Each structure stands twice: as structure tokens, then as C-alpha cells.
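# pasting a predicted model and its sequence here:
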Amino acid sequence: MSRTALVVGASGIVGSATAALLVEQGWTVYGLARRPSGQPGVRPVIADLQDATATAAALADLHPDAVFVTTWLRQDSEAENIRVNAAMVRNLLDGLPKPSAPRHVALVTGLKHYLGPFEAYGKGELPATPFREEQGRLNVENFYYAQEDELFAAAARDGFTWSVHRPHTVIGKAVGNAMNMGTTLAVYATLCRASGRPFRFPGSAAQWSGLTDMTDAGQLARHLLWAAETEAAHDQAFNVVNGDVFRWQWMWGRIAEWFGVEAAPFDGSVRPLEEQMADDAGRWREIAMREGLAEPELARLASPWHTDADLGRPFEVVTDMSKSRRLGFAGYQPTDDAFFKLFEQLRADRLIP
């Protein structure tokens, strides 16, 4: 039986991986984005979710069996994050024709559900690790909560099922993405190799020596599809990570080895990438011209601020996935393999030399 999906944010890290999996699984896939990427097998839908009227017009003839919401827009304050991102979810769900058959809507948020928004990141009393879904919301304004509330209200009104997915830092490919640790580290390692600079861990001692985990975009895509197809997973919120845990003191050496650079000894000092890479735009342009790379603009590839936020945390972040495991999700992805697969893809696409 033919099934139709709408992937919202289809040009991003999570959206492109989800769309690719759905195409592989035989779904008819529509990909909504302001600037569609031309992904094979994905039918483009051009829309700005901040414009309710235009969004409704773009969606007027779509009747998807499943909708995957994988996008957000970063604003200058959490109040603006809430206003803009809640409105985007509301405009999407209001704009879709009312379902005449069962429909599932999956929303991707993240671990800021437990850590708090960027303005109050890691401040106040945090839940104990590993983070578990039943720990609930913090007593702080958070655009993830506002997005969830829009989802819940629309589901109650229109009768569809839903799922919420909370990944840790996502590893995957997308150019122009605001939260892109994997490509940021690939670009940083390339710059270090080209200039002879030390490949220095930018973060905190807690992250260097403590346990952590991450989420591969392919693992998250499989989790999204599993929840859409599994009745027991409907109307549930889930954490989703790769399934392994690691320490950055080990992973940093693995990444250094892949790029053929030497990992500098860590002395406990925080050296943010925003500072280390502040003057690298010109250097990257030179490398891109010399090597014939596809993207000469450093800001289109690297997001140092986001990598610094993750690697600079002064506390442990580990995620529990028992809820998904109990319901039958068995996906597993070693995190070092996820990094290496991404690096190989970036090299094949001429984004790094």
C-alpha cells in the first residue's frame, strides 16, 4: 500500500536523512523547505512556515499519512524562539487539510528539554542523569515546550497520533545548518592540518573525561519511522541516541587519527572554537580554492557556537533509551563510525579535501 510522508525541514541534517530513509522504504515523500535541496526522490514543497496563508496554500493538496517536523529557526532571545517556532508548528498543522484517514505527526526537539534553553542553558536544578522521559519539564520558558503544546492541541482537535523525539547532538550532513558539530569538527581538523595548528579540544574538563552520547541522523530517522509505524509508540515522547557511550578524551583521538593530525594534550583549559576559528574565513576560502571544494564560505559549514555549547558543558549529559527499547526499537549506531561515515561523505561531496 502506497504511503505518503511530508518531511518539514527536508534540507536540514535530520530532515534530509529522514526523507532519504522514507524514499528507500518506498514512501511517496514531499519535502518542505524555504529553499529545497533537490534531494533525489523527494518532491519539493516551497513554503515559509512563518507565513500562515502561504503555508496553507502550499499544503492545500497534500494528504500525508505521516508528517515529520524537523525544523526550527534560531532567534535572538528565548521569548522570540517561543513566538516564532511555536507559530511555525501551528501554521503547519493548521495549514494541512484535515485528515480523513489516520495520520501521525512526529516532532523532533532535543535534550534542551532537560537542559533548558540557550539563555538558561544548564543553569538551575537539572534532572539527574541519565535523562529519562518521565523527568518532565523544567520550570523555565522553553520553545521546545511551546512546540509540543501546539502539537498536542492540534492532535486533540484533529484526531491524529503524535510522537516527540529528543536526540542528543546530531551527527549528519547539511550545508548552512545552524547546529552542525560533525561538519564543524571536520572543518576545524582540516584547518589545523593545513596550518600546522594544534588540534585542541575546545571544551570543558567535565566533557573531556565524563561519559556522554550522541545521535546519528540515520539513527534518528529510523526512530522517527519506527514510531510512526508502531502503535504502542503513538502519543509518546522518546529520547533517542546511538546506544553507545564514550568519553571525548577517546573520541578526540579517534577524530584526530582520521584526519591525520595529532591531538594536542588537554590541560583542562576551555578554548572555544568561536575564538580558535574567529579569523579562519579567509584561510578556509584559500583551502577551498586550492582544493576545488564546493563551499568556500566557512559560515555555511561550521557552527562553532553550537559545538562550544555542547563541549563546554560543566556537567555530564547521558541519555536513557529504555522506553524505546522496551517497545521494540533495536537500532544501534557506534558514534565513532557515525563521525567517520559523515567525514567520508563530506570528502566525497568535495566539502572537505
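Received the coordinates, thanks. Numbers count the residues shown, from 1 in each chain.
# can you list the buried residues in stretch 130-146?
Across stretch 130-146, burial judged by 16 or more other CB atoms under 10 Å covers P130, F131, R132, E133, L138, N142, F143, Y144, Y145, A146. The way it works is simple: take the backbone N, C-alpha and C, and place the C-beta from them, glycine included.
# quick check: which of those has the minimum pLDDT.
Within the buried residues of stretch 130-146, L138 has the lowest pLDDT, namely 92.
# surely that residue is in contact with G116?
Yes: look at L138 against G116 with CB atoms under 8 Å: they come within range, at 5.6 Å.
# what are the ranges of the helices in the stretch 251-353 of the chain?
For the stretch 251-353 of the chain, the helices defined by DSSP state H, counting those that start in this stretch cover 273-276, 281-291, 298-301, 304-311, 322-326, 335-348.
# now do the helices in the stretch 1-150 of the chain.
Under DSSP H, counting those that start in this stretch, the stretch 1-150 of the chain gives helices at 13-24, 52-59, 78-95, 112-115, 143-158.
# so the second one versus helix 78-95, what angle?
Same thing as helix 52-59. 40 degrees (axes from the mean of the first three to the mean of the last three CA atoms, to 10 degrees).
# what residues of helix 52-59 count as buried?
So for helix 52-59, counting by 16+ other CB under 10 Å, buried means A52, T55, A56, A58, L59.
# mind putting these into JSON lines with distance to W258 and pLDDT?
Below are the buried residues of helix 52-59 laid out as JSON lines (distance: CB to CB, whole Å; pLDDT from 0 to 100):
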{"residue": "A52", "distance to W258": "46", "pLDDT": "97"}
{"residue": "T55", "distance to W258": "42", "pLDDT": "97"}
{"residue": "A56", "distance to W258": "46", "pLDDT": "97"}
{"residue": "A58", "distance to W258": "41", "pLDDT": "96"}
{"residue": "L59", "distance to W258": "42", "pLDDT": "97"}
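# between the residues you listed, which is nearest D310?
T55 (31.5 Å; CB to CB).
# I'd like the distance between the closest one and E150.
13 Å (CB to CB, to the nearest Å).
# please apply the same query to P117.
17 Å.
# roughly how far apart are the nearest residue to G253 once chain neighbours are set aside and E275?
Nearest residue to G253, sequence neighbours excluded (CB to CB, 6 or more residues apart in numbering): A263, at 5.0 Å. Distance, A263 to E275, by CB to CB: 19 Å.
# of the two, who's got more company?
Of the pair A263 and E275, A263 is the one with more neighbours under other CB atoms under 10 Å, namely 19 against 12.
# most tightly packed of the helices of the stretch 1-150 of the chain?
Mean neighbour count, computed with mean count of other CB atoms under 10 Å, is highest for helix 13-24 among the helices of the stretch 1-150 of the chain, reaching a mean of 24.
# how big is the angle separating it from helix 335-348?
Going by the same axes, to 10 degrees, helix 13-24 makes 80 degrees with helix 335-348.
# residues in contact with helix 13-24?
5, 7-10, 29, 31, 33, 37, 39-42, 68, 70-71, 108, 167, 170, 172-174, 177, 179-180, 217-218, 220-222, 224-225 (CB atoms under 8 Å, 6 or more residues apart in numbering).
# follow-up on the earlier one: in this structure the residue nearest to G253 contacts W252, no?
Yes: using CB under 8 Å, A263 is in contact with W252, at 5.3 Å.
# what is in contact with the two at once?
F199, F201.
# any low-confidence regions in the stretch 1-150 of the chain?
1, 121-124 (pLDDT under 70).
# ok, 90 please
The model of the stretch 1-150 of the chain has pLDDT under 90 over residues 1-2, 35-38, 99-102, 116-128, 136.
# against F315, how distant is Q207?
9 Å.
# between the two, which is the more surrounded one?
A count of neighbours by other CB under 10 Å puts Q207 above the other of Q207 and F315, at 24 against 12.
# please, which helix or strand holds the more buried one?
helix 205-209 (DSSP states H and E).
# what sits up against that helix?
For helix 205-209, the surrounding residues in contact (CB under 8 Å, 6+ apart) are 201, 247-249, 252, 266, 268, 310-316.
# 7 Å - rerun?
Residues outside helix 205-209 that contact it (CB atoms under 7 Å, 6 or more residues apart in numbering) are F201, R247, W248, Q249, F266, G268, L311, R313, P314, F315, E316.
# quick check: phi and psi on the fifth one?
This means F266. Backbone geometry at F266, expressed as degrees, to the nearest 10, gives phi -90, psi 120.
# just the endpoints, please. Distance across stretch 205-219?
28 Å (CA to CA, to the nearest Å).
# and it, which residues are buried?
Using 16+ other CB under 10 Å as the burial criterion, the residues of stretch 205-219 that qualify are A206, Q207, W208, G210, T212, D213, M214, T215, D216, A217, G218, Q219.
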